[in-house]
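Chemist: Take this sequence and fold it.
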Amino acid sequence: MIFVRTTSVEGTRSVAAALAELARPGDLLLLAGDLGAGKTAFTQGFGAALGVDDLITSPTFTLVNTYEGRLELNHLDVYRLEALGEVLDLGVPEMMDDGGVTVIEWGDAVAPALPADYLEIRFTFPDTDPEGDDVRLLELVPVGPRWSARLRAIATAVSEWIHEPEGED
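Modeler: Model prediction:
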């Protein structure tokens, strides 16, 4: 796992853009964290780096938005889903097979219904930070072979934002 720290919305978008350079057809990213933690900002940066020109907004009520870029970007928000089976109703497996990249906000809630092969990005707010309210810590956790094989490339891509948690060597 890799920890990164951003100090602005633009910083969060930049981390996402760096990761988008590593994206491959069929990739899945699960975003987890509190409301307002930066999940949609992350997706905006990720999409922009894929060449998406459209405005990327959270699909809270539509559940799925699809954008065209270097790779198709499927952006889901599963906050309102009541059952794991509903993720299958949205066609997530088919989206992954179609050669695009799928980003799921609140993805940790539906992870058991998905293939165990994704990059989980967990957004947290530090307890206190003198730099202000825009500071975010992102924990990047590859699950399964696709992203685990790119762990070194991930670390290189996000090297300028690497953060060592306190108390760790």
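Chemist: And the strands in the protein?
Modeler: 2-6, 28-33, 64-67, 73-77, 101-105, 118-124, 136-143 (DSSP state E).
Chemist: Distance to A20 added to these, as TSV?
Modeler: Backbone N, C-alpha and C define where each C-beta goes, glycine included. Rendered in TSV, the data for the strands of the chain read as follows (distance: least, C-beta to C-beta, whole Å):
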stretch	distance to A20
strand 2-6	14
strand 28-33	10
strand 64-67	12
strand 73-77	9
strand 101-105	8
strand 118-124	11
strand 136-143	13
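Chemist: Mean neighbour count and distance to Q44 for these - can I get that in JSON lines?
Modeler: JSON lines is the format used below for the strands of the chain (neighbours: other C-beta atoms under 10 Å; distance: least, C-beta to C-beta, whole Å):
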{"stretch": "strand 2-6", "mean neighbour count": "20", "distance to Q44": "13"}
{"stretch": "strand 28-33", "mean neighbour count": "23", "distance to Q44": "12"}
{"stretch": "strand 64-67", "mean neighbour count": "18", "distance to Q44": "10"}
{"stretch": "strand 73-77", "mean neighbour count": "25", "distance to Q44": "9"}
{"stretch": "strand 101-105", "mean neighbour count": "26", "distance to Q44": "10"}
{"stretch": "strand 118-124", "mean neighbour count": "21", "distance to Q44": "14"}
{"stretch": "strand 136-143", "mean neighbour count": "20", "distance to Q44": "14"}
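Chemist: of all those, which lies closest to L50?
Modeler: Closest approach to L50 among the strands of the chain (C-beta to C-beta): strand 73-77, 5.7 Å.
Chemist: what angle do the closest one and strand 28-33 make?
Modeler: On the basis of axes from the mean of the first three to the mean of the last three C-alpha atoms, to 10 degrees, strand 73-77 is oriented at 30 degrees to strand 28-33.
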